[in-house]
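Trainee: I need the structure of the sequence given here:
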Amino acid sequence: MKELQYLNKYFIKYKYRFLFGIVITIVAQIFALYTPELVGKSISLIETFLKSENKDTALLKNELFKNIALIIFCTLIAGFLTFLMRQTLIVMSRFVEFDLKNEIFNHYQNLSQNFYKKNRTGDLMNRISEDVGKVRMYVGPAVMYTINTIIRFAAIIISMSAVNVKLTIYCLLPLPILSYSIFVLSKRINKKSTEYQENLSTLSSFTQEFFSGIRVIKAYALENDRNNEFIKLSKISKEKNLALAKTNALFGPLMILLIGLSYLIVIFVGGQMYVNGEIKDIGVIAKFLLYIGMLVWPVASFGWVSSLVQEAEASQKRINEFLTEQPEIQNIGTITTPIEGKITFENVSYTYDDTNIKALTDVSFTINKGETIAILGKTGSGKSTILSLLTRIHDVSGISKIKIDGKDLADYDLYHLRKSMSIVTQDPFLFSDSIKNNIKFGKEDATDDEIIEAAKMAVVDDNIQLFTNKYDTILGERGITLSGGQKQRVSIARAIIKEAPILILDDCLSAVDTETEEKIINNFKLIFKDKTTIIVTHRASAAKNANKIIILDEGKIVQQGTHNELVKEEGFYKDLFIKQLSEKENA
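Mentor: Got it, this is the predicted structure:
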């Protein structure tokens, strides 16, 4: 149970609820133990009555009715306390489930970009849902029944020993067999449970990718191939689940067999002891039979509990693998003063760890507050890497320095830094929500007028007005309802409404026609005239109005200057400008 030790902090957090549940369990068992005592006493009364020469029927009836009333009373109290025990411990497990899911979710948010490159979405989802569900069964039912079983065992064995030690020892003879059987089966369950959960993650990842990429699958007519692969994965999952179920199924019959042996021992040995005069009272045998009966469910549940614990151990191990993962980007900065927007890159070089590709080499430039800089270059030249470093998706090292307003980037509080930036990514992400709420993602308290104004500035308001529900239109997953250009413009509206001092546009007009692009760029001149703007683009038309244009090639700055300066200079920018101008004239 090494992996499950991680959950001890939650038992400490809810210690009063946990201890209260234990106290209730103890009291419930005390009341439950009165039933065999009263039944045995009643049988003894009947035996005495039958042997007596002077039979007082009225006295016998009175004593029996009194005992029956006490049995009913004790059973009701024990039942009510058991209900309270479940309410206390099972509810506690739901609190732990809530806390653990939130802890995992918050940890996921803090992990770096490389973590998400290495792990599949379906696996992440499975660990926060299926695995946490398995762990809850340990914290709730498994712990509850374990406490109940231990207390009941202790109470019954003490009570049995107080009546007859020899008969008690005989009754407990099957216990070593039980212990060894549980040990062997538990190891097998742990192994099979781990295999099943890992396969379930694979199945979840496959399904998630299938639905996310349904457009591509349909476009390439791959439905049958994907369906066959899903059937294979489902078959493997079924086989592993059946193997686990078969192992679990051994517990029940084994427990019943051992309990049955205990019944036979009580009847056979107890009967002999009664015949031999070692037991004077036939009610003792009745007591022992009821005590064994009271052990049936705890012993039967012990196998189930052991299975729950092993499954939880396997699931918690998978959860711990991610919880021990440390984010590469550490928020160690403390500066939260308002950012004005001066950005400086000093000898910035960067190599990606996972691919060993050197993306930037000694890149240096300065953007003053309120200026606009455009970055152009071939695919893979390092444009997006500059933006990743500026937003601290990745961190620079060595002599490389990135500063904002003269202060090192890492000295700023990470959340404050990112809140000071409006970003429109190359591949815009929209949530499965209304268009209005997707735009409000940039400013939660935005009014309807502000949302419409931002959409007009992004030249997407006319498109939205054509929808039946207009701004209340619910988008499909990842904004699938909209075209590529519409998604980009909604993302631009989201960035506009944020009103951050730094605006970052990562090739966000690639799916927009040149006429619409020109309208958006003209609107940018009005909106962001006092804001620092970085535009990564493949179009000279989007860069020509920038205060400075930087041309990258294989991670190095090969040209920089204004539009007028660069069109007079032989190189990448002049060739691109002439080519795109020619295409526009011929269109």
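Trainee: give me every residue that touches the most centrally placed residue in the chain.
Mentor: Closest residue to the average C-alpha location of the chain: residue 128 at 2.3 Å, with CA atoms, centre = their mean. By CB atoms under 8 Å, 6 or more residues apart in numbering, the contact set of residue 128 is 101, 104-105, 108. For every residue, glycine as well, the C-beta is placed using N, CA and C.
Trainee: try 10 Å this time
Mentor: Shown in contact with residue 128 (CB atoms under 10 Å, 6 or more residues apart in numbering): 100-105, 107-108, 319, 322.
Trainee: Now name the helix or strand holding residue 206.
Mentor: Per DSSP states H and E: residue 206 is located in helix 175-212.
Trainee: in that helix, what's buried?
Mentor: Residues 178, 181-182, 185-186, 188-190, 192-197, 199-206, 208, 210 are the ones in helix 175-212 that count as buried (16 or more other CB atoms under 10 Å).
Trainee: before we move on, what about stretch 241-250?
Mentor: Using 16+ other CB under 10 Å as the test for burial, stretch 241-250 gives 241, 244, 247-248, 250.
Trainee: same question, stretch 166-174
Mentor: For stretch 166-174, by 16+ other CB under 10 Å, it's 167-168, 170-172, 174.
Trainee: before we move on, what about stretch 406-421?
Mentor: 409-410, 412, 414, 416-417, 420-421.
Trainee: Let me see the confidence value for residue 1.
Mentor: For residue 1, the pLDDT comes out at 69.
Trainee: low-scoring stretches of the stretch 401-550 of the chain, by residue?
Mentor: 476-479, 511 (pLDDT under 70).
Trainee: Let me see the ranges of the strands in it.
Mentor: Secondary structure of the stretch 401-550 of the chain, counting by DSSP state E, counting those that start in this stretch: strands at 401-404, 407-408, 421-424, 502-506, 532-536, 548-553.
Trainee: Redo these as TSV? Include distance to residue 518.
Mentor: Formatted as TSV, the strands of the stretch 401-550 of the chain follow (distance: least, CB to CB, whole Å):
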stretch	distance to residue 518
strand 401-404	31
strand 407-408	37
strand 421-424	17
strand 502-506	15
strand 532-536	14
strand 548-553	17
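Trainee: What average pLDDT does stretch 57-71 get?
Mentor: 83.
Trainee: Count the neighbours of residue 392 for me.
Mentor: Residues lying near residue 392 (other CB atoms under 10 Å) number 20.
Trainee: Does it belong to a helix, a strand or coil?
Mentor: When classified by DSSP: H, G, I helix; E, B strand; the rest coil, residue 392 comes out as coil.
Trainee: mind listing what it touches?
Mentor: Per CB under 10 Å, 6+ apart, neighbours of residue 392: 112, 329-331, 333, 402, 409-410, 412, 414, 417-418.
Trainee: Apply 6 Å and report the result again.
Mentor: residue 329 (CB atoms under 6 Å, 6 or more residues apart in numbering).
Trainee: Ok, residue 21 next?
Mentor: Here residue 21 is in contact with 85, 88-89 (criterion: CB under 6 Å, 6+ apart).
Trainee: what do you get for residue 358?
Mentor: Per CB under 6 Å, 6+ apart, neighbours of residue 358: 351, 555.
Trainee: The closest residue to residue 390 other than its chain neighbours and residue 378: what is the separation?
Mentor: Once flanking residues are discounted, residue 390 sits nearest to residue 402: 6.5 Å by CB to CB, 6 or more residues apart in numbering. The gap separating residue 402 from residue 378 is 23 Å, by CB to CB, to the nearest Å.
Trainee: Out of the strands of the stretch 401-550 of the chain, the one nearest residue 273 is which?
Mentor: Closest approach to residue 273 among the strands of the stretch 401-550 of the chain (CB to CB): strand 421-424, 83.9 Å.
Trainee: what packs against the closest one?
Mentor: The contact analysis (3 or more CB pairs under 6 Å, 6 or more residues apart in numbering; DSSP states H and E) places strand 421-424 against helix 484-498, strand 502-506.
Trainee: Just put these in JSON lines and tack on distance to residue 135.
Mentor: Putting the helices and strands packed on strand 421-424 into JSON lines (distance: least, CB to CB, whole Å) gives the following:
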{"stretch": "helix 484-498", "distance to residue 135": "37"}
{"stretch": "strand 502-506", "distance to residue 135": "40"}
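Trainee: one step back: could the contacts of residue 21 go into JSON lines alongside secondary structure, pLDDT and distance to residue 522?
Mentor: Shown next, in JSON lines, are the contacts of residue 21 (DSSP: H, G, I helix; E, B strand; the rest coil; pLDDT from 0 to 100; distance: CB to CB, whole Å):
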{"residue": "85", "secondary structure": "helix", "pLDDT": "86", "distance to residue 522": "70"}
{"residue": "88", "secondary structure": "helix", "pLDDT": "88", "distance to residue 522": "66"}
{"residue": "89", "secondary structure": "helix", "pLDDT": "87", "distance to residue 522": "65"}
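Trainee: As a markdown table, the residues you listed with distance to residue 554 would be great.
Mentor: Formatted as a markdown table, the contacts of residue 21 follow (distance: CB to CB, whole Å):
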| residue | distance to residue 554 |
| --- | --- |
| 85 | 69 |
| 88 | 66 |
| 89 | 63 |
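Trainee: what angle do the one helix or strand residue 387 maps to and strand 532-536 make?
Mentor: According to DSSP H and E, residue 387 maps onto helix 383-390. Calculated by axes from the mean of the first three to the mean of the last three CA atoms, to 10 degrees, helix 383-390 forms an angle of 150 degrees with strand 532-536.
Trainee: and helix 383-390 with strand 502-506, angle?
Mentor: 150 degrees.
Trainee: which residues touch helix 383-390?
Mentor: Counting by CB under 6 Å, 6+ apart, 350, 359-360, 375, 377, 394, 396, 504, 506, 536, 552 sit against helix 383-390.
Trainee: what about that helix, average pLDDT?
Mentor: Computed over helix 383-390, the average pLDDT equals 86.
Trainee: Number the chain from 253, please
Mentor: OK, 253 is where the count begins now, so the last one is helix 635-642.
Trainee: That helix versus strand 800-805: what angle between them?
Mentor: Going by the same axes, to 10 degrees, helix 635-642 makes 110 degrees with strand 800-805.
Trainee: Which of the contacts of residue 380 sits closest to residue 257?
Mentor: Of all these, residue 257 sits closest to residue 571, with 12.7 Å by CB to CB.
Trainee: if we can go back for a sec, top of the contacts of residue 273 by neighbour count?
Mentor: Ranked by neighbour count (other CB under 10 Å), those have residue 341 at the top, with 25 neighbours.
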